[in-house]
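> Fold the stuff below for me.
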Amino acid sequence: MKKLGLKSVSQYVEQNIGTFHQKRIQSLDGLKLSNVLKRKNPYLFKAKYVLTAEQIIKGLVDAHVSSNEETIFGDWLEGLAIFINDKVYGGRKSGITGIDLEFDTNGTRNIVTIKSGPNWGNSSQVAKMIADFKTAKKTLRTSNSGLHIVAVNGCCYGRDNKPDKGDYFKYCGQRFWEFISGDSELFTEIIEPLGHKAKEKNDEFVKSYSQMINKFTKEFANIFCDDDGEIDWDKLVRFNSAAVVPKERK
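Next up is the predicted model:
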């Protein structure tokens with residue numbers, strides 16, 4: 001085990017945090033109005049007394065952004081965790097399906113699946129993770145039958161005060177960052193470098209976001225609003241839920 005140098009962590013963050021911001025913008029650039037309209041509940045908008053195209057569009061785009069950001073940043077944090085673990089324990093990105101990180105401590109092979117937060121999956125997804133852990137153990141023991149293996153579900157934030165789940169351990173927040181680094185305070189120390197050029201990067205995102213809102217609002221109004229500017233709810237619901245999508249009127 002080597003002592004973690006926080007300067008190297010800060011340098012990694014500053015050099016790589018731009019990737020997160022770029023992917024945020026790319027997720028907007030690839031967005032299509034027809035796709036997001038099909039994913040949302042039109043009845044909910046009506047029940048909430050939504051009256052303008054912009055209200056609907058902001059609801060659609062904000063939901064997409066929130067969901068996507070969690071995924072994108074979760075993937076980015078996974079890379080940071082692997083970088084830190086490599087510096088301390090010589091860990092590596094695993095080549096086994098369903099496993100993100102492998103590293104050795106005191107004669108134990110740790111296999112880790114990294115998630116963003118503690119409430120990441122339903123029962124079937126957790127069952128799939130457990131199955132992946134069992135498969136990984138079999139794979140690793142083909143070359144070393146006596147290998148002691150510990151399976152861990154690591155979560156970058158949050159807490160779980162009952163980490164022993166029987167088939168695996170679940171380490172969240174402080175426990176997770178300490179587990180991969182040996183530093184009990186790392187979970188607070190990494191927060192500062194994450195803000196590197198955050199304002200400049202966010203300004204770029206806000207510009208793309210605003211353009212997308214304007215573009216989609218205009219497109220929505222042209223298709224789903226009548227000549228008086230009212231939302232044609234019948235047409236919107238048919239587009240979202242009809243067995244056959246109606247052809248556009250010419």
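> Name the residues of the lowest-mean-pLDDT helix or strand in the chain that come out as buried.
Within the chain, confidence by mean pLDDT, DSSP states H and E is lowest for helix 6-29 among all helices and strands, at a mean of 86. Under the neighbour-count criterion of 16 or more other CB atoms under 10 Å, helix 6-29 has 9-10, 12-13, 17, 20-21, 23-25, 27-28 buried. For glycine as for every other residue, the C-beta is placed from the backbone atoms N, C-alpha and C.
> got TSV for those residues, with distance to Leu236 too?
What follows is the buried residues of helix 6-29, written out as TSV (distance: CB to CB, whole Å):
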residue	distance to Leu236
Val9	49
Ser10	49
Tyr12	46
Val13	43
Ile17	39
Phe20	34
His21	33
Lys23	30
Arg24	28
Ile25	28
Ser27	24
Leu28	22
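> Considering these, which is situated nearest to Phe220?
Leu28 (16.0 Å; CB to CB).
> Check whether the most centrally placed residue in the chain sits in a helix, strand or coil.
Residue closest to the mean C-alpha point of the chain, counted by CA atoms, centre = their mean, is Thr71 at 1.4 Å. Three-state assignment for Thr71 (DSSP: H, G, I helix; E, B strand; the rest coil): helix.
> how about it, what does it touch?
Thr71 makes contact with Ser116, according to CB atoms under 8 Å, 6 or more residues apart in numbering.
> What confidence value was assigned to it?
pLDDT for Thr71: 86.
> Distance-wise, check it relative to Glu204.
From Thr71 over to Glu204 the distance is 20 Å, taken as CB to CB, to the nearest Å.
> likewise Val13?
From Val13 to Glu204 the distance is 18 Å (CB to CB).
> which residues does Cys172 bridge with?
On the basis of DSSP bridges, Cys172 is bridged to Cys155.
> Give me the neighbour count for it.
Residues contacting Cys172 under the criterion other CB atoms under 10 Å number 22.
> Asp160 is in contact with that one, correct?
Yes - at 4.6 Å, Cys172 counts as touching Asp160 under the criterion of CB atoms under 8 Å.
> Show me the common contact partners of those two, please.
Pro118.
> so where's the chain shaky on pLDDT?
Low-confidence segments of the chain, defined by pLDDT under 70: 1, 245-250.
> where exactly do the strands run in it?
92-93, 101-105, 108-115, 148-155, 169-172 (DSSP state E).
> With distance to Ser241 as new columns, can these be given to me in a markdown table?
Output for the strands of the chain, formatted as a markdown table (distance: least, CB to CB, whole Å):
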| stretch | distance to Ser241 |
| --- | --- |
| strand 92-93 | 42 |
| strand 101-105 | 43 |
| strand 108-115 | 33 |
| strand 148-155 | 36 |
| strand 169-172 | 39 |
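> closest one to Asp86 among those?
Comparing the strands of the chain by CB to CB, strand 92-93 comes nearest, at 6.6 Å.
> Can you tell me the strand partners of that closest one and which way each runs?
Strand pairing for strand 92-93, using DSSP bridges, gives strand 101-105 (antiparallel).
> in the partner strand, what counts as buried?
Across strand 101-105, burial judged by 16+ other CB under 10 Å covers 101-103.
> circling back: from the buried residues of helix 6-29, pick the one nearest Ser184.
Nearest member of the buried residues of helix 6-29 to Ser184, counting by CB to CB, is Val9, at 15.1 Å.
> Contacts only, for that closest one.
Here Val9 is in contact with 80, 83-84, 87, 189-190, 193 (criterion: CB under 8 Å, 6+ apart).
> Now the buried members of the residues you listed.
Using 16+ other CB under 10 Å, the buried ones in the contacts of Val9 are 80, 83-84, 87, 190, 193.
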